[in-house]
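S.K.: Provide a 3D model corresponding to the input given below.
(one chain, ligands or ions: 1)
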Amino acid sequence: MDFFDRFRAALRIKTDWPAGALPGDAEAEAPLFRFQDFLAEQYPRFHKTAERWILGPYSLIYRWPGTDGGSGGEGGEKPVLILAHYDVVPVETDKWTCDPFGGETKDGFIYGRGALDMKSILISIMEGAETLCAEGFRPKRDIWFAFGGDEERTGLLGALKTARWFAERGTRFSWILDEGSAIIENYIPGLDKPAALFGIEEKGFLSLDLTAVQKPGHASRPPSVQAAAVLAGALYRLSKKPFPFRLVPTVEQFFTQLSRLMSGPRAFFMRHARVLGPLFLRALSAQPDMAALLHTTVAMTQLAGSAADNVMPSEVRAVINLRLLQPRTVEDAVGFIKKAVNDKRVEVKIHGTGTGPVPANPEHTRQGGPGWKEMAAALEAVYPGVPPLVFIMVATTDSRHYQNLTGGIFRFNPHRLDPGELGRMHGHDERISPDNLRRGLEFYTSLFRLL
Ligand SMILES: [Zn+2]
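M.R.: Residues are numbered from 1 along each chain as shown. Now for the predicted structure:
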């Protein structure tokens, strides 16, 4: 088997989570254990060199020992932590043109759930480490890997547990690398060359239930005021009251860096975003990709009423999903929504677990902070001339559970992706080109050589 075969084999292990299964369900957890075993079988040299801890199906940890005894003691560099996850989001099989768990190759791409998010990365990390171990290479400092099995379901069983394990041992990291933004092409209007987005800050995540109740009954005798209309009114008012636009330092720095890659009036506007103020931000926010960088977003994701067409529901419910821009906290986001809904008949409650934003460490925003030199050098080795830009991650990653263990987190995928390919992530027909996969492997191999 070669690298590509191993990647395809990894895609065939069905590590999605069956609907309705609960943690502890042996059948649901078996593929996660199978994936852990698969790594041990396929990467024997690395497994001989590294120490491994398995904290259950959702958490797999390795320590690749450095030559300087690099556990962060006197004289040694603090370790680096590389994160990944081996679970994948579920699929709608009938919307795929091939088997989502078949690892098929067609039209010059390898297809499968996890092809981008993120078995591509995890297998590249392992492959790079295996190759270097085979060469007899040893990193100077300790490199830790922590792989999670429930990232797509909040990471509370995997990443959170692993982070606590590190905290108890007193292991801290100079910096952390997790999945994140990619090398983008044709993504930002006015930017006609590729750029690498290093996410150094992350937005928060919060879902809310909005519920309106009424007396259930026969649809032939509806009440004069119906719960659905009350809820619809609330949702309409929400849509008219977006969270205020705000230029956070990371985004301002991103715009400044972007302006250097652009020309003409666009470059001028980007460079002077702060001076141009709210009106400019509002104009920019007409593009959803830009709006996501400039305020707390509200996505209306679920609506539910009665189960039958002739039955009045006892309650109607909407779920909205917010991505919080700092300094917005979970609590004040709930307050903002309640005020915007402005109707006591609509109950607003937190759905699941909300998490606040993870701001960038000021030390880390300077492009000389921990890890920048190595990350930039590995990027240059694989993608010569592609500049790294600071970015804000608008989705959540496992890395948020590790924020107290380090001074800097990079969220980055070393793959070159246009919006069409990015749209397949969590969508249908997720795929990766062998060229992208190979470059990802080169990136991690180059990076490990520098650590
Ligand atoms: Zn992911």
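
S.K.: ok but Leu437 is inside a strand, no?
M.R.: No: counting by DSSP: H, G, I helix; E, B strand; the rest coil, Leu437 is not found in a strand; it is helix.

S.K.: That one contacts Gly108, doesn't it?
M.R.: No: with contact defined as CB atoms under 8 Å, Leu437 does not reach Gly108; the gap is 11.8 Å. Backbone N, C-alpha and C define where each C-beta goes, glycine included.

S.K.: Comparing the two, which residue is more hemmed in?
M.R.: Each of Leu437 and Gly108 had its neighbours counted (other CB atoms under 10 Å), and the higher figure belongs to Leu437 (22 against 9).

S.K.: Just give the closest residue to the more buried one, not the sequence neighbours.
M.R.: Setting aside the residues directly before and after it, Leu437 is nearest to Ser120 in space (CB to CB, 6 or more residues apart in numbering), at 5.8 Å.

S.K.: what does Glu347 give?
M.R.: Leaving aside its chain neighbours, Glu347 sits nearest to Thr211 (4.7 Å; criterion: CB to CB, 6+ apart).

S.K.: residues in contact with that neighbour?
M.R.: By CB atoms under 8 Å, 6 or more residues apart in numbering, the residues touching Thr211 are Leu231, Glu315, Val316, Arg317, Val346, Glu347, Lys349.

S.K.: mind running it again at 10 Å?
M.R.: If a contact means CB atoms under 10 Å, 6 or more residues apart in numbering, then Thr211 has 227, 231, 234, 304, 315-319, 345-349 as its contacts.

S.K.: ditto for Pro359
M.R.: With contacts taken as CB under 10 Å, 6+ apart, Pro359 has the following neighbours: Ile200, Glu201, Glu202, Val248, Pro249, Thr250, Gln326, Pro327, Thr365, Ile392, Gln403.

S.K.: Now narrow the residues you listed to whatever sits close to the ion.
M.R.: If you filter the contacts of Pro359 for contact with the ion, counting by CB under 5 Å from the ion, you are left with nothing.

S.K.: And the pLDDT for Gly70?
M.R.: You'll see Gly70 listed with a pLDDT of 55.

S.K.: List the buried residues for stretch 331-351?
M.R.: Judged by neighbour count using 16 or more other CB atoms under 10 Å, the buried positions of stretch 331-351 are Ala333, Val334, Phe336, Ile337, Lys338, Ala340, Val341, Asp343, Val346, Glu347, Val348, His351.

S.K.: Filter those down to just the ones in helices.
M.R.: Secondary structure assignment (DSSP state H) places Ala333, Val334, Phe336, Ile337, Lys338, Ala340, Val341 from the buried residues of stretch 331-351 within helices.

S.K.: The last one reaches Lys240, doesn't it?
M.R.: No: checked against CB atoms under 10 Å, the pair Val341 and Lys240 is beyond contact range at 11.4 Å.

S.K.: just how off-centre is stretch 391-408 within its chain?
M.R.: Between the centre of stretch 391-408 and the centre of its chain there are 9 Å (CA atoms, centre = their mean, to the nearest Å).

S.K.: Show the end-to-end separation of that stretch, please.
M.R.: Length of stretch 391-408, first residue to last, CA to CA, to the nearest Å: 13 Å.

S.K.: got the buried residues for that stretch?
M.R.: For stretch 391-408, by 16+ other CB under 10 Å, it's 391-402, 405-408.

S.K.: what's the answer for stretch 174-183, then?
M.R.: Of the residues in stretch 174-183, those with enough neighbours to count as buried (16+ other CB under 10 Å) are Ser174, Trp175, Ile176, Leu177, Asp178, Glu179, Gly180, Ser181, Ala182, Ile183.

S.K.: give me the subset of these touching the ion.
M.R.: Near the ion, by the rule CB under 5 Å from the ion, you find Glu179 out of the buried residues of stretch 174-183.

S.K.: got a markdown table for the buried residues of stretch 174-183, with pLDDT and distance to Gly103 too?
M.R.: Putting these into a markdown table (pLDDT from 0 to 100; distance: CB to CB, whole Å) gives the following:
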| residue | pLDDT | distance to Gly103 |
| --- | --- | --- |
| Ser174 | 94 | 36 |
| Trp175 | 95 | 33 |
| Ile176 | 97 | 29 |
| Leu177 | 98 | 26 |
| Asp178 | 98 | 24 |
| Glu179 | 97 | 20 |
| Gly180 | 96 | 24 |
| Ser181 | 94 | 26 |
| Ala182 | 95 | 22 |
| Ile183 | 96 | 24 |
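
S.K.: Pull up the gap between the spatially closest residue to Arg438 that is not a sequence neighbour and Asp178, please.
M.R.: The spatially closest residue to Arg438, leaving aside those adjacent along the chain, is Phe3, at 7.7 Å (CB to CB, 6+ apart). Noted for Phe3: a distance of 22 Å to Asp178, by CB to CB, to the nearest Å.

S.K.: Could you do Arg34 as well?
M.R.: 24 Å.

S.K.: Check Ala340 too.
M.R.: 33 Å.

S.K.: For Leu197, which three-state class applies?
M.R.: At Leu197 the chain is in strand, as set by three-state DSSP.

S.K.: tell me the pLDDT at the residue nearest to Leu261 when sequence neighbours are not counted?
M.R.: With CB to CB, 6+ apart as the measure, Leu191 is the residue that lies nearest to Leu261, at 5.8 Å, once sequence neighbours are left out. Leu191 carries a pLDDT score of 88 in this model.

S.K.: circling back to that earlier point, just the ones in helices among the buried residues of stretch 331-351 now: which is nearest Ala9?
M.R.: Ala9 has its nearest neighbour among these in Ala333, at 42.7 Å by CB to CB.

S.K.: Pretty sure that closest one sits against Asn321.
M.R.: No: in this structure, Ala333 sits apart from Asn321 without contact. The criterion is CB under 10 Å, and the distance is 11.3 Å.

S.K.: hey, what's in contact with both of those two?
M.R.: The contact sets of Ala333 and Asn321 overlap at Leu206, Leu208, Val298 (CB under 10 Å, 6+ apart).

S.K.: Can you tell me the element the first one falls in?
M.R.: This means Leu206. The secondary structure element spanning Leu206 is strand 204-213 (assigned by DSSP states H and E).
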